[in-house]
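Mind looking at a prediction? Sequence and model below.
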Amino acid sequence: DAKTTQPPSMDCAEGRAANLPCNHSTISGNEYVYWYRQIHSQGPQYIIHGLKNNETNEMASLIITEDRKSSTLILPHATLRDTAVYYCGRRIIQGAQKLVFGQGTRLTINP
Amino acid sequence: DAGVTQSPTHLIKTRGQQVTLRCSPKSGHDTVSWYQQALGQGPQFIFQYYEEEERQRGNFPDRFSGHQFPNYSSELNVNALLLGDSALYLCASSLRGWNTEAFFGQGTRLTVV
């Protein structure tokens, strides 16, 4: 989706925080920001989602800028098992609520 | 509690053939969406089923059709297969609502030769 852009790849050292950016400058007011990750072409795994407030769960934190044009997914203490492709997407609240994904960021955690 | 299950996991078909992929949603979920993921790309929305009806469709031709059964399981049918239909087909289930998580199955890898 051309409206959601992510860097194609990133590296992070094991044990450090991984910060993955996503630009969604044309996001609408009724669209949530969703993050998924995919390992070895398995099905995408849900990580976190949010509308305008910062969110945190057991996997990650999501920081959404006040204007909602960008967000950052934070993996606080990256492990080797966090190596995956991370997808940022938009999901419309009403209607079919389809997910619209960007091209994804390939995150490599290095020992 | 079983998550989203898809079958088969892998499939090889010849051009021009027809294929049916199956999906059982996560327990308690009533909505099923199908996505196509080409190699190196993000998943692309095909369509969504709720209450046994197609609710919204992405930019896919009529060769792609689906069905939802009373138990919420779903099928994706693709007719007149093309080489370009080779992809990972993903099923996602969710509970109808405005702030719900969508869970994906492991996908069906379709190869058209």
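Done, it's in. Numbering: from 1, shown residues only, chains lettered A, B, ... in the order given.

Going by C-alpha atoms from here, please, whenever you check contacts or count neighbours.
OK.

What part of the chain, helix or strand, is modelled with the least confidence?
Here I'm looking at chain A. Among the helices and strands of chain A, strand A:99-101 carries the lowest confidence by mean pLDDT, DSSP states H and E, at a mean of 89.

wait, I meant chain B there
Counting by mean pLDDT, DSSP H and E, chain B has its least confident helix or strand at strand B:53-57, which shows a mean of 90.

Is that strand positioned near chain A?
Yes. Using Cα under 8 Å from any Cα of the partner chain, strand B:53-57 reaches chain A at B:55-56.

tell me what that strand is packed against?
Where contact means 3 or more Cα pairs under 8 Å, 6 or more residues apart in numbering or on different chains; DSSP states H and E, strand B:53-57 is packed against strand B:44-50, strand B:64-68.

low pLDDT regions in chain A?
Chain A contains residues with pLDDT under 70 at A:1-2, A:93-96.

Mind doing that once more with 90?
By pLDDT under 90, the weakly predicted segments of chain A are A:1-4, A:25-31, A:40-42, A:52-53, A:91-100, A:102.

Any idea how many residues pack against residue 10?
Defaulting to chain A. 14 (other Cα atoms under 10 Å in any protein chain shown).

other chain: chain B
Using other Cα under 10 Å as the criterion, the residues surrounding residue B:10 number 11.

That one and residue B:108, how far apart?
Between residue B:10 and residue B:108 the computed distance is 5 Å (Cα to Cα, to the nearest Å).
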